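Q: Sequence first, then the predicted structure, then my questions.
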Amino acid sequence: MGTFAIQIAKWLGAEVTTTASPRGKGLVERLGADVVIDYTTQRFEDHVRDMDGVFDLLGGDTLTKSFSVVKPGAMVVSIAGMPEPATAQKDLKRGLGLTALFWLASFGLRRSAKRHNARYRYLFMHPSGAELAELARLIESGTLTPIIDRVFPFAEINDAFAYLETGRAKGKVIVTMV
């Protein structure tokens with residue numbers, strides 16, 4: 001997700017600040033990152049301020065700390081945090097029950113966002129033929145480059161999952177059916 005996020009942000013004209021290990025620094029720079037913070041030795045919240053927005057891929061403490069680095073009123077979007085009430089209403093088109101559940105579950109995150117004068121939104125991914133077609137067009141034109149870390153045959157699917165669980169994958173891990 002992160003390798004596409006960097007490229008899409010650059011395509012949209014954003015200046016991109018990201019975190020990476022020393023092993024991943026060259027990759028994110030090749031993808032267009034303007035500033036790279038070494039998360040093995042630096043805390044991002046000590047090095048960035050007044051960001052226009054944050055796209056969080058990790059959740060937890062990283063998400064909570066992200067509220068402190070954005071400009072007042074800026075948005076923090078997460079794919080790893082807790083869904084908030086708007087997710088139930090706008091993305092899932094559900095009623096009061098799920099909205100209330102998400103309200104309770106995300107209360108701490110929303111309170112933290114409010115304390116920092118930030119906004120929070122969970123990104124609920126849903127299938128979209130139009131969006132997939134646009135991504136395909138960007139890949140075919142060379143605007144986006146899929147990063148493939150490793151390819152495993154189906155017979156080694158357990159190894160593929162074990163590799164993913166190490167957290168060391170830099171790009172996509174593919175399992176082939178052949």
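A: Nice, thanks for sending it over. No experiment lies behind these values; they were computed from the predicted model shown.

Q: which residues touch the spatially most central residue of the chain?
A: Closest to where the C-alpha atoms of the chain average out (C-alpha atoms, centre = their mean) is residue 57, at 3.3 Å. Taking C-beta atoms under 8 Å, 6 or more residues apart in numbering as the contact definition, residue 57 lies against 1, 2, 5, 78, 79, 80. The C-beta positions use only the backbone N, C-alpha and C, and glycine is treated the same way.

Q: Let me know the closest of those residues to residue 161.
A: For the contacts of residue 57, the closest approach to residue 161 (C-beta to C-beta) belongs to residue 1, at 17.2 Å.

Q: Not counting sequence-adjacent ones, nearest residue to that closest one?
A: Distances taken as C-beta to C-beta, 6 or more residues apart in numbering put residue 57 closest to residue 1, at 5.7 Å, once the chain neighbours are dropped.

Q: now do residue 124
A: Taking C-beta to C-beta, 6+ apart as the measure, residue 124 lies nearest to residue 91, with 3.9 Å between them; neighbours along the chain are not counted.

Q: Phi first, then psi, for the residue nearest to the centre of the chain.
A: With angles defined as degrees, to the nearest 10, residue 57 sits at phi -110, psi -10.

Q: so how far is residue 153 from it?
A: Remark: distance between residue 57 and residue 153 (C-beta to C-beta, to the nearest Å) = 28 Å.

Q: who's in contact with the biggest strand by length in the chain?
A: For the chain, the longest strand by residue count, based on DSSP state E, is strand 70-78. Residues external to strand 70-78 that are found in contact with it (C-beta under 8 Å, 6+ apart): 50-57, 59, 63, 66-67, 113, 116-123.

Q: again, 6 Å this time
A: With contacts defined as C-beta atoms under 6 Å, 6 or more residues apart in numbering, strand 70-78 is touched by 50-56, 63, 66-67, 117-123.

Q: Return the members of those classed as buried.
A: Under a neighbour-count criterion of 16 or more other C-beta atoms under 10 Å, the subset of the contacts of strand 70-78 counted as buried comprises 51, 54-56, 63, 66-67, 118-123.

Q: Looking at those residues, which is nearest residue 164?
A: Comparing the buried ones among the contacts of strand 70-78 against residue 164 with C-beta to C-beta places residue 56 closest, at 19.2 Å.
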